[in-house]
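Mind looking at a prediction? Sequence and model below.
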Amino acid sequence: MAELALPVVATLFVWWFATGLILYLDGLPPRSFKWTMLASTVLLGLAFAGLAASSAHATPAGAYCAFACAILVWAWQEIAFLLGYVTGPRRTPCPVGCTPWQRTRCAVETVLHHELALLLLALAVWALTHDAPNATGWWTFLILWAMRQSAKLNVFLGVRNLYEGFLPPHLKYLQSYFSRKPMNGLWPLSVAAATLVAVPVWQAALAAPGAFGATSATLLATLLTLAIVEHAFMVLPLPSEKLWQWGLRSHTRYGAAAAAPRVEIRPAD
């Protein structure tokens with residue numbers, strides 16, 4: 001059990017710190033965005049190189065390297081989206097009086113380029129890691145991708161906590177596509193499906209015969225469990241955003257909150 005503790009702690013720290021850092025960066029003055037994007041793109045290139053190199057090494061160090069590189073690839077698209085560089089062709093609030101189908105179409109248009117970027121990044125990660133002895137990077141990216149898609153759908157359909165305070169001013173129009181409800185019909189299915197996957201991954205971590213298998217499976221199981229916890233945060237009356245209060249300080253320090261336009265969130269039907 002002791003050998004599982006380090007990957008659990010490492011994943012918890014990466015999850016907490018990376019989220020807070022990205023929130024801090026997107027709350028900085030817009031003049032900093034180009035430098036943030038440039039630095040993250042350099043890191044993206046290094047992450048691809050790291051994935052290619054680590055995929056050939058089925059060792060604990062290789063698992064940590066592949067996991068970290070996949071997180072950096074994921075961070076690039078998060079930064080590109082939150083800074084407004086890769087979003088979609090529609091950058092305006094949802095038109096008033098839309099039918100459900102029109103609202104869905106408009107919502108897709110707000111994130112279309114972002115979704116295409118995710119697909120290209122996924123293909124790149126797969127190309128660098130498929131048929132390799134260490135697939136930790138691929139599975140890390142796949143977990144992040146699947147659970148983020150689930151989160152987006154749940155926010156669109158309606159949950160209690162939408163975390164609209166995480167959005168920078170230039171993306172506040174996205175709030176008009178959110179719905180606030182105690183819960184929606186997809187949420188329990190999302191959590192149940194993720195849990196059904198997480199349980200055997202934890203079992204694999206506990207039963208792994210070697211250090212690499214235990215490390216890789218624990219990193220993945222912890223990441224998936226944290227994604228399930230994030231889904232729980234959507235419907236529980238908990239101030240979970242306080243976990244990243246330090247990252248949100250830039251939003252108030254540089255006047256982001258005051259500059260944000262008011263956008264109505266769709267109430268429950």
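Ah, there it is. Just so it is clear, the model here is predicted, and its values are computed rather than measured. Residues are numbered from 1 along each chain as shown.

Give me the three-state assignment for residue 184.
coil (DSSP: H, G, I helix; E, B strand; the rest coil).

how close does the residue nearest to it when sequence neighbours are not counted get to residue 216?
Of all residues not flanking residue 184 in the chain, residue 157 sits nearest, at 3.9 Å (Cβ to Cβ, 6 or more residues apart in numbering). (Each C-beta comes from the backbone N, C-alpha and C, glycine too.) To residue 216, residue 157 is 33 Å away according to Cβ to Cβ, to the nearest Å.

out of these two, which sits in the more crowded spot?
Between residue 157 and residue 216, residue 216 has the larger neighbour count (other Cβ atoms under 10 Å), namely 30 against 15.

hang on, the earlier thing: contacting residues for the residue nearest to residue 184?
Residue 157 makes contact with 179, 181, 184, 185, 186, 187 under the criterion Cβ atoms under 8 Å, 6 or more residues apart in numbering.

Spatially, which residue comes closest to the fourth one, not counting chain neighbours?
Think residue 185. According to Cβ to Cβ, 6+ apart, the nearest residue to residue 185 is residue 157 (7.5 Å).

any idea how far residue 42 is from residue 227?
Counting by Cβ to Cβ, the gap from residue 42 to residue 227 is 27 Å.

between these two, who's got more neighbours?
Using other Cβ under 10 Å as the criterion, residue 42 and residue 227 rank with residue 227 on top: 21 against 11.

can you pull out the strands in the stretch 151-269 of the chain?
In the stretch 151-269 of the chain, no strands are defined using DSSP state E, counting those that start in this stretch.

Quickly note the distance from residue 39 to residue 169.
22 Å.

And those two? Which one has more around it.
Taking other Cβ under 10 Å, residue 39 and residue 169 do not tie; residue 169 has more neighbours (18 against 12).

what's the distance between the more buried one and residue 199?
For residue 169 relative to residue 199 (Cβ to Cβ), the value is 41 Å.

What of residue 138?
Going from residue 138 to residue 199 by Cβ to Cβ gives 21 Å.

Pick out whichever of the two has more residues nearby.
Taking other Cβ under 10 Å, residue 138 and residue 199 do not tie; residue 138 has more neighbours (21 against 13).

so what's that one up against?
Residue 138 touches 70, 125, 126, 129, 130, counting by Cβ under 8 Å, 6+ apart.

Please identify the helix or strand for the closest residue to the second one other than its chain neighbours.
Spatially, and ignoring its direct neighbours in sequence, residue 125 is nearest to residue 141 (4.7 Å; Cβ to Cβ, 6+ apart). For residue 141, the enclosing helix or strand under DSSP states H and E is helix 136-157.

Give me the mean pLDDT for stretch 51-67.
Stretch 51-67 shows a mean pLDDT of 97.

Go through the contacts of residue 138 and flag which are in helices.
Secondary structure from DSSP state H places 70, 125, 126, 129 of the contacts of residue 138 in helices.
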